[in-house]
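K.L.:
Fold the following.
(2 chains)
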Protein chains: 2
Amino acid sequence: MHGHRLSGDRFSVEYHLTGTELQGRNMAERLCTDQTIEAPLSLLRTCPIPEGLLGRVEDFSRVEETRHLARVSFPIELFGHSFAQMLHTLFGTASLSPQVQVADIQLPTQLPESWPGPRHGISGIRALTDVANRPLVCAVLKPLGLSPEALAELAHSFVLGGVDIIKDDQGLGDHAFCPIEERIQRCLAAIREASRSTGRRCLYFTHVVGSLEAIRTQTQFARQAGADGILLSPGLVGYQALHDLRCDTADALPIMSHPAFLGTYAMAPTQGLAPRVLYGRLPRLAGADITIYPTYGLNFPISRQDCTRIASACTKSWGPLRSIFPTAAGRMGEDRIREMCEVYGRDCVFILGSQIRESPEGIAASCEHFMQRLDKFSAAH
Amino acid sequence: MHGHRLSGDRFSVEYHLTGTELQGRNMAERLCTDQTIEAPLSLLRTCPIPEGLLGRVEDFSRVEETRHLARVSFPIELFGHSFAQMLHTLFGTASLSPQVQVADIQLPTQLPESWPGPRHGISGIRALTDVANRPLVCAVLKPLGLSPEALAELAHSFVLGGVDIIKDDQGLGDHAFCPIEERIQRCLAAIREASRSTGRRCLYFTHVVGSLEAIRTQTQFARQAGADGILLSPGLVGYQALHDLRCDTADALPIMSHPAFLGTYAMAPTQGLAPRVLYGRLPRLAGADITIYPTYGLNFPISRQDCTRIASACTKSWGPLRSIFPTAAGRMGEDRIREMCEVYGRDCVFILGSQIRESPEGIAASCEHFMQRLDKFSAAH
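P.N.:
Residues are numbered from 1 along each chain as shown, chains lettered A, B, ... in the order given. Model prediction:
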């Protein structure tokens, strides 16, 4: 024995396991070894490991005829110093198995010191926008392909229309036809000018993408230019990068998480990561302040129940972590305001994409119209 | 018009689309906009974008009754400067759709200058191991939980047994009970000592995990200590990080890619990324020299045909990119040597995991036995 003692503090994962009860129980036992030592228990006869290192089945119950829930706990020491290692414990080897889905995550009593969670959260973002009691509205700069001037002009109209936040589309990178620095500078100038005439603040979130170094450079540039937040796609750059940006010692900008390249994880009902984990738990744990995901009611394989579960994962008390904004996206027109307010209450963000721009009344008037309807409906809820 | 002209060089993606022919054709058209401007074409009436920016359906054909293949080309300028942006063009928004699978990737005539592909490839790794004509054998340091001393002792036995490569298990991070620096130093010392007695070289690949900065620091430490390569899980740290490490100006170590947290992408036959893309094309394009994936014939949802397709994606001519080693992993005992040699020929790597250690004859003898059998079978192919 090399005598290492673990703290005893454990985080736990709820897995949904597909199969008979016996298959489920066997699978739960396998997760205890596969997600830790990844070796058969028989190997441990000659290999002493720290006591308590293995996963432990804490609960096992039937969810449906061929679906069981196993809550398996793991020592937090398995995380080492990185978010990426936590992902490995959560679902590294299990991702290769067709019968396993991560249904939820429960935190240990004590999170690692370097895991502070969201810096701003709902209350921080509300303070920045000075909107206390209704859903926030975020308009999107797109399409990819527009020049920085054209995007700035669009931003100007959005501010006149009274939106709370403007964000880059996640397709906007650092392209020859639209260099990121010029885009940031022009859009911010347009937003400031329009804000002076409305007398209201409108936040701007810049999309950052690439290596950690590139997104740090982009983030610093955005911050120095006066941007209010960043948009980041953990599917493209990793949840670890989201966590790294949150933990930067400088006063980190608010972070909005985008689902690009992630959808596959929540595609099957019996495999991968449940929507509430993928779009709620993980971004919140990594430190996002707003999390975007596809809404129910369109062609995305996500139900109304999934959406309310994501919202709970974002907003309900969860250890020491601040609550964050859920943001169901996709064709969000006036026709869905009432319904969304019923599902989410006040703590959500509406994303205005292409639809708002096809109205004959013009962009600013169209946004203004949307904001008025939102005020009316949210006052009623 | 802001007058930007694109080079005309395009990379193209083969998508498998599920549905009727009409649905398939509509989906193919949607990919042309969803994966680029992510807006309806109607928006472009008032929004001039560079000519040629949209995706273009180059081929459309039926694969099965309800499965169609669309080859869609995109201008390489969409990549901007990052691997992550290429992933977005490939499957960013499409990942949210249940009917789309990336079946293959075709390269543009000219890859971006900063995309050099694998530095070592099969020929480079063969030169390092001095093994010209048979599959290579890689033993794994595990289980997680062992002390650095115990892992070093194991490494010593593997070298005496004659394996070509020793790699860390992907669970090994920087843990209190097994700090990475001590692990690297002790394992390398043990490998050197044993190599002197065998007179043969054995390569050591260190697992690196965490932020890009952390894995750079770990990689530099490993390199200075004398390690021969690194093991990296793009599911945990991102394909972008793999690409970044490959492109480091210092003489980059060989890179072995591991499938942890990636399995979900290749779980469904009609959605996600086909195994040949996930385990072959992407690691090769990002610059891995060896790619590990789960083998067929166990419980993994991967077929023999998938495995041969991965191998083709790794080894067949593909633009300017060196060929790389496919590595089907999972319970690889002597019983599968003949079969694997038939499927893969000589250009593959065998991974020896837990199974080799349960033999009563002891680890070194057991490895030696395996190497002899392999020599015999591969000579016959």
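K.L.:
Helix, strand, or coil at A:Leu17?
P.N.:
Using DSSP: H, G, I helix; E, B strand; the rest coil, the structure places A:Leu17 in strand.
K.L.:
which residues in the stretch 51-200 of chain A form strands?
P.N.:
For the stretch 51-200 of chain A, the strands defined by DSSP state E, counting those that start in this stretch occupy A:56-64, A:67-75, A:100-106, A:136-141, A:165-168.
K.L.:
partners of the fourth one in the sheet?
P.N.:
Next to strand A:136-141 in the sheet, as set by DSSP bridges, lie strand A:165-168 (parallel), strand A:349-352 (parallel).
K.L.:
Next: the third one.
P.N.:
When sheet partners are counted by DSSP bridges, strand A:100-106 sits next to strand A:10-18 (antiparallel), strand A:272-273 (parallel).
K.L.:
hmm, who's touching that strand?
P.N.:
A:11-18, A:27, A:31, A:69, A:71, A:90-91, A:94, A:268-274, A:276-277, A:281-282, A:285, A:313 (Cβ atoms under 8 Å, 6 or more residues apart in numbering or on different chains). The C-beta positions use only the backbone N, C-alpha and C, and glycine is treated the same way.
K.L.:
Quick one: buried ones out of those?
P.N.:
Buried by 16 or more other Cβ atoms under 10 Å in any protein chain shown: A:11-18, A:27, A:31, A:69, A:71, A:90-91, A:94, A:268, A:271-274, A:276-277, A:281-282, A:285, A:313, out of the contacts of strand A:100-106.
K.L.:
which helices and strands sit right next to the longest helix seen in chain A?
P.N.:
For chain A, the longest helix by residue count, based on DSSP state H, is helix A:180-198. For helix A:180-198, the packing partners by 3 or more Cβ pairs under 8 Å, 6 or more residues apart in numbering or on different chains; DSSP states H and E come out as helix A:148-160, strand A:165-168, strand A:203-207, helix A:212-225.
K.L.:
now those as JSON lines including mean pLDDT?
P.N.:
As requested, the helices and strands packed on helix A:180-198 are arranged in JSON lines below (pLDDT from 0 to 100):
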{"stretch": "helix A:148-160", "mean pLDDT": "97"}
{"stretch": "strand A:165-168", "mean pLDDT": "98"}
{"stretch": "strand A:203-207", "mean pLDDT": "98"}
{"stretch": "helix A:212-225", "mean pLDDT": "96"}
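K.L.:
circling back: pick the most buried one from the strands of the stretch 51-200 of chain A.
P.N.:
Each of the strands of the stretch 51-200 of chain A was scored by mean neighbour count; the highest is strand A:165-168, a mean of 28, by mean count of other Cβ atoms under 10 Å in any protein chain shown.
K.L.:
Against the centre of chain A, work out the most remote residue.
P.N.:
A:Thr46 (42.9 Å; Cα atoms, centre = their mean).
K.L.:
Those residues of the stretch 251-381 of chain A touching chain B, which are they?
P.N.:
By the rule Cβ under 8 Å from any Cβ of the partner chain, the part of the stretch 251-381 of chain A lying against chain B is A:259-265, A:267-268, A:271-273, A:294, A:299-301, A:353-354, A:357-358.
K.L.:
rewinding a little: a markdown table for the strands of the stretch 51-200 of chain A, including distance to B:Thr217?
P.N.:
As requested, the strands of the stretch 51-200 of chain A are arranged in a markdown table below (distance: least, Cβ to Cβ, whole Å):
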| stretch | distance to B:Thr217 |
| --- | --- |
| strand A:56-64 | 33 |
| strand A:67-75 | 25 |
| strand A:100-106 | 28 |
| strand A:136-141 | 36 |
| strand A:165-168 | 31 |
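K.L.:
Of those strands, which is nearest B:Met86?
P.N.:
Closest to B:Met86 of these, according to Cβ to Cβ: strand A:165-168, at 18.1 Å.
K.L.:
tell me how far the closest one is from the chain's mean position?
P.N.:
16 Å (Cα atoms, centre = their mean, to the nearest Å).
K.L.:
same thing with stretch A:127-137?
P.N.:
So, by Cα atoms, centre = their mean, the centroid of stretch A:127-137 is 19 Å from its chain's centroid.
K.L.:
what does stretch A:39-52 give?
P.N.:
37 Å.
K.L.:
which residues touch it?
P.N.:
A:1-2, A:4-6, A:8, A:33, A:37, A:75, A:77, B:142-146, B:150, B:177, B:353-354, B:357-358.
K.L.:
Whichever of those end up buried, select them in PyMOL.
P.N.:
Buried subset of these, written as a PyMOL selection, criterion 16+ other Cβ under 10 Å:
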select buried, (chain A and resi 4+6+33+37+75+77) or (chain B and resi 142+143+144+145+146+150+177+353+354+357)
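K.L.:
Point out where chain A drops to low pLDDT.
P.N.:
For chain A, residues meeting the criterion pLDDT under 70 lie at A:1-3, A:381.
K.L.:
Recalculate using a threshold of 50.
P.N.:
For chain A, applying pLDDT under 50 flags the ranges A:1.
K.L.:
Kindly format the C-alpha coordinates of the longest helix of chain A as PDB.
P.N.:
The C-alpha trace of helix A:180-198 is given here as PDB (Å, rounded to 0.1, in the frame of the first residue of the first chain):
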ATOM      1  CA  ILE A 180     -12.700  40.000 -35.400                       C
ATOM      2  CA  GLU A 181     -11.000  43.200 -34.200                       C
ATOM      3  CA  GLU A 182     -12.700  45.400 -36.700                       C
ATOM      4  CA  ARG A 183     -16.000  43.700 -36.100                       C
ATOM      5  CA  ILE A 184     -15.700  44.300 -32.300                       C
ATOM      6  CA  GLN A 185     -14.700  47.900 -32.700                       C
ATOM      7  CA  ARG A 186     -17.300  48.900 -35.200                       C
ATOM      8  CA  CYS A 187     -20.100  47.100 -33.500                       C
ATOM      9  CA  LEU A 188     -19.300  48.600 -30.100                       C
ATOM     10  CA  ALA A 189     -19.100  52.100 -31.600                       C
ATOM     11  CA  ALA A 190     -22.500  51.600 -33.200                       C
ATOM     12  CA  ILE A 191     -24.000  50.200 -30.000                       C
ATOM     13  CA  ARG A 192     -22.600  53.100 -27.900                       C
ATOM     14  CA  GLU A 193     -23.900  55.700 -30.300                       C
ATOM     15  CA  ALA A 194     -27.400  54.200 -30.400                       C
ATOM     16  CA  SER A 195     -27.400  53.700 -26.600                       C
ATOM     17  CA  ARG A 196     -26.800  57.400 -26.100                       C
ATOM     18  CA  SER A 197     -30.000  58.100 -28.000                       C
ATOM     19  CA  THR A 198     -32.100  55.500 -26.200                       C
END
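K.L.:
buried sites along that helix?
P.N.:
Neighbour-count burial for helix A:180-198 [16+ other Cβ under 10 Å]: A:180, A:183-188, A:190-191, A:194.
K.L.:
Name the nearest of those residues relative to chain B.
P.N.:
Within those, the smallest distance to chain B is 8.6 Å, found for A:Ile180 (Cβ to the nearest Cβ).
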